[in-house]
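S.K.: Quick one, structure for this:
(one chain, ligands or ions: 1)
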Amino acid sequence: MAATDQSHKASPTSLFQVYLRLRPPPSPLVQLTQQSLYPLLAPSERYLTVEAPGKESQDGMPTHITIHPPSDSRKRAVEKFAFTKVFEEQAEQIDIFRGTGVVPLIEGVLGEGRDGLLATLGVTGSGKSHTILGSKSQRGLTQLSLDLLYRSLDTQTLHSANHPSLIASLNATDASEAQIFSASGFLDNVYGDCLQEPSRSRAPTPMMDPAFTPSVPKRKLPQRPSALPQFPNISDLAFSVEPNAEYAILVSMYEVYNDRIFDLLSVPSNQKDLRRRHLLFKSTEASPDRKVVAGLRKVVCGSYEEALIVLETGLMERRVAGTGSNSVSSRSHGFFCVEVKRRPRGGLSNSWTGSQLTVVDLAGSERARNAKTAGATLAEAGKINESLMYLGQCLQMQSDSNDGTKPTLVPFRQCKLTELLFSNSFPSSSHHHATHTTHHRNAQKAIMIVTADPLNEFNATSQILRYSALAREVTVPRIPSVSSTILSNTTGRTPSGQTLPPAAHTDEAVVEMAFSEIARLNEEVEILNVKLTEQEERRREAEENWQKAEEKAEQIEMEVREECWGEMERRTAEERRRWMGAWGEEADRNYEHLDRKLEILTQGIEIHEDAIDQDTRTTELENENEALRRKLEALERDLQCRSPTKAPRKPQLSSPSKDYGPTALGTALSKLNGMSLIDAAAYKAQSPGKTPGKKMRKLTARKWDLMDENEMDAFENHY
Ligand SMILES: Nc1ncnc2c1ncn2[C@@H]1O[C@H](COP(=O)(O)OP(=O)(O)OP(=O)(O)O)[C@@H](O)[C@H]1O
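M.R.: Just a heads-up that it's a prediction; the model follows:
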């Protein structure tokens, strides 16, 4: 056999441990009734064989299977798949519970504070629901896990009926913006009178949400927990937990339908209103490092029985909602979550810590394909196929990286399902600002149980196995060589029975070699063909993804552009408003300033007019004027007497020696200066032929200084 892939071992860093469970053939009666639903092959046509356990197997369990394509298949390649463990048809529910990693997963949730995820994957009818939810006679992994949790916590589990402040305390610290209810309150509301016994008086439900109105259509009460299967028994199994702690268990359920998340415990307000509000998977303020489904309804279940009824209610809602929206139950991916919250014993503290176990029942891919022909919308069927294809890609990436050559880069953000399954699979740490401590969160541990029916259709089953397996080998069986076929009956003898000569033997060997070479080349061609088909398939998927990504990018760009444009317009309007405001204020200030100035001016004028009498002031100014004029004239005369030979200097009227400033007095003085000049000119005109020089020679400066105007006139007339 020629192999194209030799990687067998699951890497210890794998995000998922992948177990394969083969379902047994149905009983003849079931086969008869369900033949049309799940057309099965005859046992002789079985294409799947389990390999004997190898060296790497744990507990002597097989880890590999081989699938041989049926004779009518186009492909001839034989494929070998590796899993963490393979459970054959005879495996019971308890074997799966104990043999897969479910028990350590629960231990991690209880002790290590590590989230756990358990999912089943397979084509329709392969036994997913049987494995995860059980049957009429047997419990599934969900019920067994709940049983183990309650058994381990035992009396340390808190009941909301005994602790009235429990719901408020949980509400105060819940990071997922959830609505938390007590089990009795929740069940009362959904089933109403069905739960009541005539003699029993019912205490009011603590912390009942007023929005939780009793107008809800009542559901038919599910089977009593005591009527539900008790087998297999795991009473020998329990973990010891922190003795100084007390625990609360919160149950929530949701489904992913058409790539949207819907609460399964949130019953619609009336029968017609089946358009449920979808929820977001996001990081919240209280949970920055971890994404949570925000706004879920959570029910505090104090006992295993309460948890079972809530589980049944959610499953029923999944069916009711499915039927109402023209779909069937397995057309959605169902999530059942059990949160284990812990706080120090005493009930005083609100410091809840804890982790969560999530059980996932994935939709069957085959059902979606058939549903297309059964009248379901293309979008609905397409969404399941799409989400399973993305899940396949993520698992494929994991298996590709298991050989250690490529880093694990899981493209899990492509749809809600893969986001929900993988987002919390990576370790992270977050800083709590309030306490200034760094909280380290363990990476989630995940288990995938792949269910397969070896008698179900080859293509669908091989497809699921191909992308969920941890490793794969492709081989092509060696075809019996042509020469050996031809010569098988001859062996050195002619068909007539004659022995061939030695030369003929040599020719036979050459022919044999040639044929074996042709056969080898044929094998290689076959393998290359298989590889080519796969590459083409991957390329097609990649191109589809590329196109989708481009469309998404375009849409995001448009949204961003619109957002930016809106933001710009908003800011411009804001800026305009701000500017107009400022401008108005400035104008007001200016007006005010002007008003104040005018007021001051008016007041100033009034004061001036009131303070000084106009006439007195005029007289004063005239007197002053007179005195100054006289002084000026005396000065001029003095000047002329002192330098009689020199031409008389013109008084500098335009630049008086003393700067009087821009006051009224200054102006008056300037006028006076002008007047002096005119007077002097007039005076000169009155004494023609007499030069100032002659006059100056006959007068003493002292005398001249002391003479007044009249004396001066007399003096001039005398001479
Ligand atoms: N391991 C098993 N042992 C016995 N019966 C089984 C086993 N697995 C499946 N069955 C039976 O096969 C039938 C189909 O199984 P189941 O409903 O679990 O398939 P499924 O994969 O969940 O299908 P769907 O996708 O339609 O929900 C059921 O009647 C179930 O009881």
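
S.K.: Buried by neighbour count: which residues of stretch 289-307 qualify?
M.R.: Neighbour-count burial for stretch 289-307 flags 290-302, 304-307 (criterion: 16 or more other C-beta atoms under 10 Å). (C-beta placed from N, C-alpha, C; glycine too.)

S.K.: Stretch 455-466 now?
M.R.: Buried positions in stretch 455-466, judged by neighbour count with 16+ other C-beta under 10 Å: L455, N456, E457, F458, A460, T461, S462, Q463, I464, L465, R466.

S.K.: which one among those residues gets closest to the ligand?
M.R.: N456 (9.8 Å; C-beta to the nearest ligand atom).

S.K.: Run me through the strand neighbours of the helix or strand harbouring L357, direction for each.
M.R.: Using DSSP states H and E, L357 maps to strand 353-361. According to DSSP bridges, strand 353-361 forms sheet pairs with strand 116-122 (parallel), strand 333-344 (antiparallel).

S.K.: hmm, it in reach of the ligand?
M.R.: No - against the ligand, strand 353-361 shows no contacts by C-beta under 6 Å from any ligand atom, the least distance being 7.3 Å.

S.K.: what pLDDT does the closest residue in space to P24 that isn't next to it in sequence get?
M.R.: Nearest non-adjacent residue to P24, counting by C-beta to C-beta, 6 or more residues apart in numbering: E89, 4.0 Å away. Looking at E89, its pLDDT reads 91.

S.K.: show me the contacts for E89.
M.R.: L22, R23, P24, P25, P454 (C-beta atoms under 8 Å, 6 or more residues apart in numbering).

S.K.: and the gap between it and the ligand?
M.R.: 7 Å (C-beta to the nearest ligand atom, to the nearest Å).

S.K.: ok, how many other residues are close to the closest residue to the ligand within the stretch 101-250 of the chain?
M.R.: Residue nearest to the ligand within the stretch 101-250 of the chain: G127 (2.7 Å; C-beta to the nearest ligand atom). For G127, the neighbour count with other C-beta atoms under 10 Å is 19.

S.K.: again, but for F231
M.R.: Residues lying near F231 (other C-beta under 10 Å) number 12.

S.K.: Ramachandran angles for M513?
M.R.: Per-residue torsions, M513: phi -60, psi -40 (degrees, to the nearest 10).

S.K.: how many other residues sit next to it?
M.R.: Neighbourhood size, M513 [other C-beta under 10 Å]: 12.

S.K.: now, which of the buried residues of stretch 289-307 lie within strands?
M.R.: Here DSSP state E is the test, and the buried residues of stretch 289-307 give R290, K291, V292, V293, A294, R297, K298, V299, V300 as lying in strands.

S.K.: element containing the residue nearest to P24, please.
M.R.: Using DSSP H and E, E89 falls within no helix or strand.

S.K.: With R629 instead?
M.R.: helix 614-642.

S.K.: Out of the helices and strands in this protein, which is least certain?
M.R.: strand 2-3 (a mean of 40; mean pLDDT, DSSP states H and E).

S.K.: Quick one: name whatever helix or strand follows that strand.
M.R.: Using DSSP H and E, the helix or strand that follows strand 2-3 in sequence is strand 16-22.

S.K.: Just name whatever secondary elements that following strand is in contact with.
M.R.: Helices and strands touching strand 16-22, by 3 or more C-beta pairs under 8 Å, 6 or more residues apart in numbering; DSSP states H and E, are strand 85-87, helix 93-99, helix 378-401, strand 445-452.

S.K.: Which other helices and strands does the shortest one contact?
M.R.: It stands for strand 85-87. Using 3+ C-beta pairs under 8 Å, 6+ apart, strand 85-87 is in contact with strand 16-22, helix 93-99.

S.K.: 10 Å instead?
M.R.: Under the contact criterion of 3 or more C-beta pairs under 10 Å, 6 or more residues apart in numbering; DSSP states H and E, strand 85-87 touches strand 16-22, helix 93-99, strand 445-452.

S.K.: Select, out of the ones you listed, the one closest to the ligand.
M.R.: Nearest of the helices and strands packed on strand 85-87 (C-beta to the nearest ligand atom): strand 445-452, 5.9 Å.

S.K.: Tell me if the next helix-or-strand element following that closest one is near the ligand.
M.R.: Sequence-wise, the next helix or strand downstream of strand 445-452 (DSSP H and E) is helix 458-468. No - applying C-beta under 6 Å from any ligand atom, one finds helix 458-468 separated from the ligand by no less than 10.7 Å.

S.K.: one step back: can you add pLDDT and distance to T49 and give the buried residues of stretch 455-466 back as a markdown table?
M.R.: Shown next, in a markdown table, are these (pLDDT from 0 to 100; distance: C-beta to C-beta, whole Å):
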| residue | pLDDT | distance to T49 |
| --- | --- | --- |
| L455 | 85 | 13 |
| N456 | 82 | 15 |
| E457 | 80 | 17 |
| F458 | 84 | 13 |
| A460 | 81 | 18 |
| T461 | 87 | 13 |
| S462 | 86 | 13 |
| Q463 | 83 | 18 |
| I464 | 86 | 17 |
| L465 | 89 | 13 |
| R466 | 84 | 16 |
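
S.K.: Between all of these, which two are separated the most?
M.R.: By the measure C-beta to C-beta, L455 and R466 form the most distant pair in the buried residues of stretch 455-466, at 18.4 Å.

S.K.: Strands of the stretch 151-300 of the chain, start to end?
M.R.: Per DSSP state E, counting those that start in this stretch, the stretch 151-300 of the chain carries strands over the ranges 179-182, 245-257, 260-263, 278-284, 287-294, 297-300.

S.K.: Can you give the contact residues for the third one?
M.R.: Okay, so that is strand 260-263. Applying C-beta atoms under 10 Å, 6 or more residues apart in numbering, the external contacts of strand 260-263 come out as 178-179, 252-256, 276-281, 293-298, 314, 317-318, 321, 325, 332-333, 335, 383, 416-417, 419-420.

S.K.: 7 Å instead, please
M.R.: With C-beta atoms under 7 Å, 6 or more residues apart in numbering as the test, strand 260-263 has contacts from Y254, E255, R276, H278, L279, F281, V293, L296, R297, A321, K416.

S.K.: For that strand, give the mean pLDDT please.
M.R.: Taken as a whole, strand 260-263 has a mean pLDDT of 90.

S.K.: buried set for it?
M.R.: By 16+ other C-beta under 10 Å, the buried positions in strand 260-263 come out as I261, F262, D263.

S.K.: what's the answer for the longest one, then?
M.R.: Of the residues in strand 245-257, those with enough neighbours to count as buried (16+ other C-beta under 10 Å) are E246, Y247, A248, I249, L250, V251, S252, M253, Y254, E255, V256, Y257.

S.K.: is it true that the second one touches T157?
M.R.: Yes - between Y247 and T157 there is a contact under C-beta atoms under 7 Å: 5.4 Å.
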